[in-house]
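Student: Okay, here's the prediction I keep looking at, along with the sequence it came from:
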Amino acid sequence: MKVMGILNVTPDSFADGGLHLALDKACFHAETMIKDGAAIIDIGGESTRPGASPVTVQEELDRVIPVIEKLNQNFDIPLSIDTLKPAVMRAALSAGVWMINDVNALQADGAVEIVANSNAMICLMHMQGEPRTMQKAPHYDDVVQDITKFLLARKQVCLDAGIAPERIFLDPGIGFGKNLDHNLALLKALDKLPGPLLIGVSRKAMLGTLLKGAPPQQRVSGSLALAVWAAMKGAKIIRVHDVKETVDALTVIEALL
Ligand code: 8Y7
């Protein structure tokens, strides 16, 4: 079980200092997560949270590429780029990322070929709809079956393009066009989903719902409960904000598994 630390390089994380301060802050945050035991750093320049609006390719490149370059110069840790844009994937691969983390499962034109022409890992995530509107009225006939079918189909597209199976992670996309019941059904069935699985539950809205409206900073204990659950259900990578707390919890759980 590996912990992937979340590194957001988005405007709310550099409100008052522009891109240069953002770069310094991002590197400092990454360094802290590495010291805390993160095995991978996931760099994102476009918020994919429910309700978020898209950014342009150039804006996203300006945010994330300098961070990838600086982290690769200063640290020896695998980097992941959280993007759904082929142009950002290409630039991030040139800058030396280990993984493409695509919440859109490489459905953009040319995305599969870009990954196939690299040696990088790929995380294929399921999302229903698009971030701006996906939480309005999510619907499934059978959420576990529907998402299993989707993930296996996207994996097959990658295999057909020549991407080796060892390079592919799958992710049901907790919170991406899913209500609480959908998320709970997926988490309960985690050990029945195709893998290897990467799971992101950290501070998500479902915890706010379960914890009577707790804001994101007060969802850490709930996040740990779900991280432990995911580990016990066999997930291989867990994507989190609270690296130290998660590494501690999973170290104890792994002694038992
Ligand atoms: C996930 C993710 C987000 C996730 C993968 C948030 C970018 C929303 N969630 N990527 N990204 N899986 N693979 O609350 O669950 O962190 S953004």
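Tutor: Received the coordinates, thanks.

Student: Just give the closest residue to Pro78, not the sequence neighbours.
Tutor: Setting aside the residues directly before and after it, Pro78 is nearest to Trp98 in space (CB to CB, 6 or more residues apart in numbering), at 3.6 Å. Just so you know, the C-beta spots here come from the backbone N, C-alpha and C atoms, and that holds for glycine as well.

Student: same check, this time on Asp171
Tutor: With sequence-adjacent residues excluded and distances taken as CB to CB, 6+ apart, Asp171 is closest to Met125, at 4.1 Å.

Student: Contacts only, for that neighbour.
Tutor: Neighbour list for Met125: 101-105, 170-173, 176, 198 [criterion: CB atoms under 8 Å, 6 or more residues apart in numbering].

Student: so which residue of this protein comes closest to the ligand?
Tutor: Gly200 (2.3 Å; CB to the nearest ligand atom).

Student: Pull the number of nearby residues for that residue.
Tutor: If you count neighbours by other CB atoms under 10 Å, Gly200 ends up with 28.

Student: Low-confidence ranges, the stretch 1-150 of the chain, go.
Tutor: 11-17 (pLDDT under 70).

Student: sorry, back to before: okay, and which of the contacts of Met125 map to strands?
Tutor: Counting by DSSP state E, the part of these found in strands is 101-102, 170-171, 198.

Student: Would you reformat the residues you listed as CSV and include neighbour count?
Tutor: Formatted as CSV, the ones in strands among the contacts of Met125 follow (neighbours: other CB atoms under 10 Å):
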residue, neighbour count
Asn101, 27
Asp102, 26
Leu170, 26
Asp171, 27
Leu198, 26
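
Student: so can I have TSV of these showing distance to Lys188?
Tutor: Shown next, in TSV, are the ones in strands among the contacts of Met125 (distance: CB to CB, whole Å):
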residue	distance to Lys188
Asn101	24
Asp102	25
Leu170	17
Asp171	16
Leu198	18
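
Student: Relative to Gly208, which of these is nearest.
Tutor: Asp171 (20.6 Å; CB to CB).

Student: How far off centre is stretch 137-157?
Tutor: Stretch 137-157 has its C-alpha centroid displaced from the chain centroid by 18 Å (CA atoms, centre = their mean, to the nearest Å).

Student: Flag every buried residue along it.
Tutor: Residues of stretch 137-157 classed as buried under the neighbour-count rule (16 or more other CB atoms under 10 Å) are 138, 140, 143-144, 147-148, 150-151, 154-155.

Student: Repeat that for stretch 4-13.
Tutor: Neighbour counts over stretch 4-13 (16+ other CB under 10 Å) mark 4-10 as buried.

Student: Strands of this protein, start to end?
Tutor: In the chain, the strands defined using DSSP E lie at 2-8, 40-44, 79-82, 99-102, 121-125, 168-171, 198-200, 237-240.

Student: Next, format these as TSV and append distance to Leu256.
Tutor: TSV is the format used below for the strands of the chain (distance: least, CB to CB, whole Å):
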stretch	distance to Leu256
strand 2-8	17
strand 40-44	23
strand 79-82	28
strand 99-102	28
strand 121-125	27
strand 168-171	24
strand 198-200	19
strand 237-240	17
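
Student: Could you tell me which residues of the stretch 1-150 of the chain lie near the ligand?
Tutor: Contact residues, the stretch 1-150 of the chain versus the ligand (CB under 6 Å from any ligand atom): 44, 48-49, 82, 101, 103, 123, 125.

Student: contacting residues for the residue lying closest to Glu113 once chain neighbours are set aside?
Tutor: Leaving aside its sequence neighbours, Glu113 sits nearest to Ala161 (CB to CB, 6+ apart; 6.7 Å). The contact partners of Ala161, taken as CB under 8 Å, 6+ apart, are 112-113, 115-116.
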